[in-house]
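>>> got a predicted structure plus its sequence, pasted below:
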Amino acid sequence: MSAYFDHNATTRLDDAVLEAMMPFLRDEYGNASSRHDAGIRARKALNVAREQVAALVNVQPSQVVFVSGGTEANNMFVKGMASYLKPSQIAVSAIEHPCVMKPAATLARSGWKLRKINVDATGVIDMADVEAAFGEPTALVSVMLANNETGVVQPVGEVAQRARAAKAWIHTDAVQVAGKLPVDFEALGVHAMTLSAHKMYGPKGAGALVVDKRLPIKPLVGGGGHEHGLRSGTENVPAIVGFGAACELAAGRRQALAEHTAQLRDLIETGLVEIGATVFGAGAPRIPNTTYFAFQNIDGETLVIELNKAGFAVASGSACSSTSTDPSATLLAMGVDPDLARGAVRISLGVDNTMQQAQEFLIAIATVVDRLRRLTAVAV
Ligand code: PLP
């Protein structure tokens, strides 16, 4: 038996999503900017997708700017805003994804000041440090809605209130939350939000930056003026249609999916603790599908490889930085001991996972951990 437990890295394209995409991969190849019937049909399909994405996060369709994915949307916010504004401070949480952190670090080389806001031991942003950050004039703020490693949900609404009072523009990366918990752009009070289709059973290569219409943002990609002039380039109609279908699917099954994954996650987590795992972020509000843990003196990479051999696909640290063997920056920011952090393994569950897989996983990991502990004991 094998099982895929890495849904925060990416998800399987849902059958209903593929079905919605198929005509646009085959017969409906018109360019959405063309004036003939094929172009008009493509344009209509984009409009439907824009409505579906907008509905999921409670905005007007005109607020949705289609881009290639979460990485581009995050880069677009940071760099696109900075090219409009006078250099000032950009404040980001210390646990942002590299696609926020790296562009923010780039700004720091061109007159901006990068302020990383601390998180507490459970992985939640420290509101006192948010307050302290606003002690300096701040133009931009980016705080993710949930962390991709720990799954810990951040109090973005509170941060947004504070940012608005300080006249700062506030963005949230909601990539790991859309489809798992309700996401409401208006209720959060943010000015911009990032979404990615392939994290929610849609295709790779589509995502959105959802914007407040007053956002003073410049495009990163200039050209024919697509997407309200904010992102030129012929639209990837099949992927965008799939993104829209994935949003509609997510809206319909979110609650059931959350309950299903939470049940499996809780079972797995209880079993892991029983065999001595430390669970990171367990005391904080989390997205329902994620558990992030480590065993003392067991390397995370080794555990991932052994579990893979046993038929279970899990991640060590962040999948997006898996070429690096440094301990996770998120765990270090939480004050986790670097040696324990090197053991970090993430399980992120999804719609196809079953109770039987969860039970078999617990047997497999107990066996692997036991074997690795014996090896360590012999080596010592
Ligand atoms: N933001 C977060 C929190 C993520 O987890 C990821 C992907 O791992 C991204 C952004 C990047 O999204 P994409 O893969 O669509 O570029």
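That came in fine, so what should we check first? Residues are numbered from 1 along each chain as shown.

>>> contact partners for the closest residue in space to S316 that isn't next to it in sequence?
Of all residues beyond its chain neighbours, the one nearest S316 is G300 (3.8 Å), with distances taken as C-beta to C-beta, 6 or more residues apart in numbering. Using the backbone N, CA and C atoms, a C-beta is placed for each residue, glycine as well. Counting by C-beta atoms under 8 Å, 6 or more residues apart in numbering, G300 touches 294, 316-317, 342-345.

>>> quick check: L195 touching V210?
Yes: L195 lies in contact with V210 (C-beta atoms under 8 Å); the separation is 6.6 Å.

>>> re the thing from before, just put the contacts of G300 in JSON lines and tack on secondary structure and distance to the ligand.
Listed next are those as JSON lines, based on DSSP: H, G, I helix; E, B strand; the rest coil; distance: C-beta to the nearest ligand atom, whole Å:
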{"residue": "A294", "secondary structure": "strand", "distance to the ligand": "20"}
{"residue": "S316", "secondary structure": "strand", "distance to the ligand": "14"}
{"residue": "G317", "secondary structure": "coil", "distance to the ligand": "12"}
{"residue": "R342", "secondary structure": "coil", "distance to the ligand": "20"}
{"residue": "G343", "secondary structure": "coil", "distance to the ligand": "21"}
{"residue": "A344", "secondary structure": "coil", "distance to the ligand": "15"}
{"residue": "V345", "secondary structure": "strand", "distance to the ligand": "16"}
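
>>> what would these look like in CSV with neighbour count, pLDDT and distance to V351?
Formatted as CSV, the contacts of G300 follow (neighbours: other C-beta atoms under 10 Å; pLDDT from 0 to 100; distance: C-beta to C-beta, whole Å):
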residue, neighbour count, pLDDT, distance to V351
A294, 27, 98, 27
S316, 22, 94, 23
G317, 26, 81, 24
R342, 22, 95, 31
G343, 25, 96, 28
A344, 28, 98, 25
V345, 25, 98, 21
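
>>> ok, so of these, who is nearest S34?
Closest to S34 out of the contacts of G300 is G317 (45.2 Å), distances taken as C-beta to C-beta.

>>> I'd say that closest one and P327 touch.
Yes: if you go by C-beta under 8 Å, G317 and P327 touch, sitting 7.4 Å apart.

>>> quick check: neighbours shared by the two?
Shared contacts of G317 and P327, defined by C-beta under 8 Å, 6+ apart, comprise A344.

>>> what's the first-to-last distance across stretch 150-162?
25 Å (C-alpha to C-alpha, to the nearest Å).

>>> contacts for it?
For stretch 150-162, the external contacting residues (C-beta under 8 Å, 6+ apart) are 8, 93, 95, 122-125, 127, 130-131, 134, 141, 143-147, 170, 172, 176-177, 181, 187-190, 280-281, 284-287, 289-292, 330, 334, 348.

>>> got the contact list for the residue nearest to W112 when sequence neighbours are not counted?
Nearest residue to W112, sequence neighbours excluded (C-beta to C-beta, 6+ apart): P87, at 4.7 Å. Each residue near P87 by C-beta under 8 Å, 6+ apart is listed here: 107, 110-113.

>>> buried subset of the residues you listed as a ChimeraX selection?
Remark: buried members of the contacts of P87, expressed as a ChimeraX selection using 16 or more other C-beta atoms under 10 Å:
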select :107,112
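
>>> just curious, which of the contacts of P87 is nearest to the ligand?
Nearest to the ligand among these: L107, at 17.9 Å, using C-beta to the nearest ligand atom.

>>> buried ones in the lengthiest helix in the chain?
In the chain, assigned by DSSP state H, the helix with the most residues is helix 237-274. Within helix 237-274, the residues scored as buried using 16+ other C-beta under 10 Å are 237-251, 254, 257-258, 260-262, 264-265, 268-269, 271-272.

>>> which stretches of this protein have low pLDDT?
The chain contains residues with pLDDT under 70 at 1, 318-324, 378-380.

>>> neighbours around the residue in the stretch 51-200 of the chain that the ligand sits nearest to, how many?
Across the stretch 51-200 of the chain, the shortest distance to the ligand (C-beta to the nearest ligand atom) belongs to G70, at 2.5 Å. Neighbours of G70 under the rule other C-beta atoms under 10 Å: 26.

>>> swap in G123?
29.

>>> apart from its neighbours in sequence, what residue is nearest V59?
If the residues on either side of it in the chain are set aside, V59 comes closest to F185, at 4.8 Å by C-beta to C-beta, 6+ apart.

>>> tell me the contacts of that neighbour?
57-59, 63, 193, 210.

>>> most neighbours of all those residues, which one?
Neighbour counts for the contacts of F185, by other C-beta under 10 Å, peak at M193, which reaches 30 neighbours.

>>> hang on, it in a strand?
Yes: applying DSSP: H, G, I helix; E, B strand; the rest coil, one finds M193 inside a strand.

>>> near the ligand, which residues of this protein are found?
69-71, 74, 97, 99, 144, 148, 173, 175-176, 196, 198, 207, 320 (C-beta under 6 Å from any ligand atom).

>>> can you tell me which of those are in helices?
Residues of the residues of the chain next to the ligand located in helices (DSSP H): 70-71, 74, 99.

>>> just to revisit the earlier point, what strand or helix carries the residue nearest to W112?
Per DSSP states H and E: P87 is located in neither a helix nor a strand.

>>> what sits up against stretch 125-135?
Here stretch 125-135 makes contact (C-beta under 8 Å, 6+ apart) with 89, 91, 93, 95, 115, 117-120, 143, 154-155, 158-159, 162-163, 166, 168.

>>> roughly how far is that stretch from the heart of the chain?
With C-alpha atoms, centre = their mean, to the nearest Å as the basis, stretch 125-135 stands 23 Å off its chain's centre.

>>> that'll do, ta.
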